[in-house]
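Student: give me coordinates for this.
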Amino acid sequence: MKVAISSLISRDDSLIGKIKKILDDENIDSEIIKRSDKMTTSNVDMVITAGGDRAILDYSHYVREFSVPVLGVYESDSTGFLGQIDVSDLRKSIGRIKRGDYEIDNVCRLSVNVDGKEVEPVLNDISLFPRKSATLMEYILKINGNDLWHDNSDGVIISTPIGSTAYCMSAGGPMVLQKSQVFVIVPVNSMDNTRRPLIVPNTDRLEIEDILCRYLCEVILDGGKRVAVRKNIVCEKHEFPAKFVKLIKDSPMDIIAKKVKLAEELLDMPPSAKLILKTLEYEGELSQKDLSKRTMLPERTIRLSLSHLIQRGYVRKKTSLRDARQKTYELNPKVLI
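Tutor: Numbers count the residues shown, from 1 in each chain. All right, here's what the predicted structure looks like:
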């Protein structure tokens, strides 16, 4: 058996080293693959991503065919739902991995085309917003070439089932079971009260056209990379689903129950605090400056929201390993977003 360890995020070097040592001790042939290697995995049986959900999302973006199943391994200070096991439990799971005693989940991805150019596949969602916050944008939504609505709103989200319990849910979208063969469309703060979240078959071709705004609009891929858009976006079911190794048999309803519980606790939080939580979930540990840059919120709002989140126990403050004078912020590992 041969395993590749994905090394896309440099801050996970320590975790990668721990995983590599465990595999070596258990006589499993392994190699570390980096972004510069063009993610060549055709000669391996499994890929291990090191880190929380962001590591898995990054890997999904850089692999088109996804022919090899992926196992997400995290440390106790990582968070999210896609990672399967803590690195401290990896050694105990080696026997099952060698025997192939696990399930493989095929997870639908979105193929996204922006202004005629294909961008990387999306696992959770895409969101379209003006670059400047609190600005209305206008667009036409088409399904299979037919106009569905003409809307004025803050933005619009298109989500897969696995992404329906992430940002999509925070914006008022429905929770969808992972195996559902659908996409979810959520207009954000539409001026028309009839513009409600919409569930469509994942065989449909979704188009957002005639985008008009005072400022440049951007497509945000899985809460991370931003791509400027001037004319249109086309979304379809990607030809190749993501393949995830499943060692823990949590039911979909168990995961949704956790999401619902947290959502109820977050109801009284201001939108800025929710945005910071989602950003920390996707990006991992960040400084105040990094948070301001990614969320485009004023620094004063960032400070007040972080203070509120720390008091509530959702976020914890740390001293940066790179610069002891700087503080960084991350999700409390007990919090599942």
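Student: right, and the helix or strand after the lowest-mean-pLDDT helix or strand in the chain?
Tutor: Sorting the helices and strands of the chain by mean pLDDT, DSSP states H and E puts helix 252-266 at the bottom, at a mean of 66. As assigned by DSSP states H and E, the chain's next helix or strand after helix 252-266 is helix 271-283.
Student: tell me the contacts of residue 102?
Tutor: For residue 102, the contact set (Cβ atoms under 8 Å, 6 or more residues apart in numbering) comprises 96, 245, 246, 247. All C-beta spots, glycine's among them, are computed from the backbone N, C-alpha and C.
Student: correction: residue 110
Tutor: Going by Cβ under 8 Å, 6+ apart, the list of residues near residue 110 reads 121, 122, 123, 125, 126, 158, 160, 183, 235, 236, 237, 238.
Student: now it. Nearest residue, chain neighbours left out?
Tutor: Of all residues not flanking residue 110 in the chain, residue 122 sits nearest, at 4.1 Å (Cβ to Cβ, 6 or more residues apart in numbering).
Student: contacts only, for the one you found.
Tutor: Applying Cβ under 8 Å, 6+ apart to residue 122 gives the contacts 61, 109, 110, 112, 160, 221, 222.
Student: and it, how far is that from residue 88?
Tutor: 31 Å (Cβ to Cβ, to the nearest Å).
Student: same question, residue 132
Tutor: 44 Å.
Student: just the helices in the stretch 201-337 of the chain please.
Tutor: Ranges of helices in the stretch 201-337 of the chain, per DSSP state H, counting those that start in this stretch, are 252-266, 271-283, 288-295, 299-312.
Student: residues of the second one that come out buried?
Tutor: What it means is helix 271-283. 272, 273, 274, 275, 276, 277, 278, 279, 280, 281, 282, 283 (16 or more other Cβ atoms under 10 Å).
Student: the inter-axis angle of it versus helix 288-295?
Tutor: With axes from the mean of the first three to the mean of the last three Cα atoms, to 10 degrees defining the directions, helix 271-283 sits at 100 degrees from helix 288-295.
Student: quick check, central residue of this structure?
Tutor: Central residue of the chain (Cα atoms, centre = their mean): residue 222, 4.4 Å from the mean position.
Student: for it, phi and psi?
Tutor: phi 50, psi 40 (degrees, to the nearest 10).
Student: ok, residue 193 - how many residues close by?
Tutor: Around residue 193 there are 6 other residues, counting by other Cβ atoms under 10 Å.
Student: try residue 220
Tutor: As a burial measure, residue 220 scores 20 neighbours (other Cβ under 10 Å).
Student: what's opposite it in the beta bridge?
Tutor: For residue 220, the beta-bridge partners under DSSP bridges are residue 127, residue 226.
Student: my guess is it meets residue 131, correct?
Tutor: No: the criterion here is Cβ atoms under 8 Å, and residue 220 misses it with residue 131 at 10.4 Å.
Student: quick one on the thing from earlier: so which pair among the contacts of residue 122 is furthest apart in space?
Tutor: Distances among these were taken as Cβ to Cβ; the most separated pair is 61 and 160, at 13.7 Å.
Student: got any residues that touch both of these two?
Tutor: 122, 123.
Student: who has more neighbours, the two?
Tutor: For residue 61 versus residue 160, neighbours defined as other Cβ under 10 Å are more numerous around residue 160 (30 against 20).
Student: with adjacent residues omitted, what lies nearest to that one?
Tutor: Leaving out its chain neighbours, the residue that sits closest to residue 160 by Cβ to Cβ, 6+ apart is residue 108, at 5.2 Å.
Student: same check, this time on residue 241
Tutor: Residue 241's closest residue in space is residue 106 (Cβ to Cβ, 6+ apart), at 4.3 Å.
Student: over to residue 315?
Tutor: Closest residue to residue 315 apart from its sequence neighbours, by Cβ to Cβ, 6+ apart: residue 309 at 4.0 Å.
Student: list buried residues within the contacts of residue 102.
Tutor: residue 245.
Student: show me which pair in the contacts of residue 102 is furthest apart.
Tutor: Largest separation among those by Cβ to Cβ: 96 and 246, giving 11.1 Å.
Student: hmm, back to that, surely the residue nearest to residue 160 touches residue 236?
Tutor: No: with contact defined as Cβ under 8 Å, residue 108 and residue 236 do not form a contacting pair (10.8 Å).
Student: more crowded one of the two?
Tutor: Between residue 108 and residue 236, counting by other Cβ under 10 Å, residue 108 is the more crowded of the two (20 against 16).
Student: and the chain, what are its domains?
Tutor: 2-107, 110-239, 268-331 (automatic domain parsing).
Student: export the ones you listed to CSV and tack on mean pLDDT?
Tutor: Converted to CSV, the domains of the chain look like this (pLDDT from 0 to 100):
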stretch, mean pLDDT
domain 2-107, 81
domain 110-239, 93
domain 268-331, 83
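Student: returning to what we had before: check contacts around the residue nearest to the centre of the chain.
Tutor: 57, 60, 61, 122, 123, 124, 125, 126, 163, 282 are the contacts of residue 222 under Cβ under 8 Å, 6+ apart.
Student: report how many residues lie close to the fifth one.
Tutor: When neighbours are defined as other Cβ under 10 Å, residue 123 has 27 of them.
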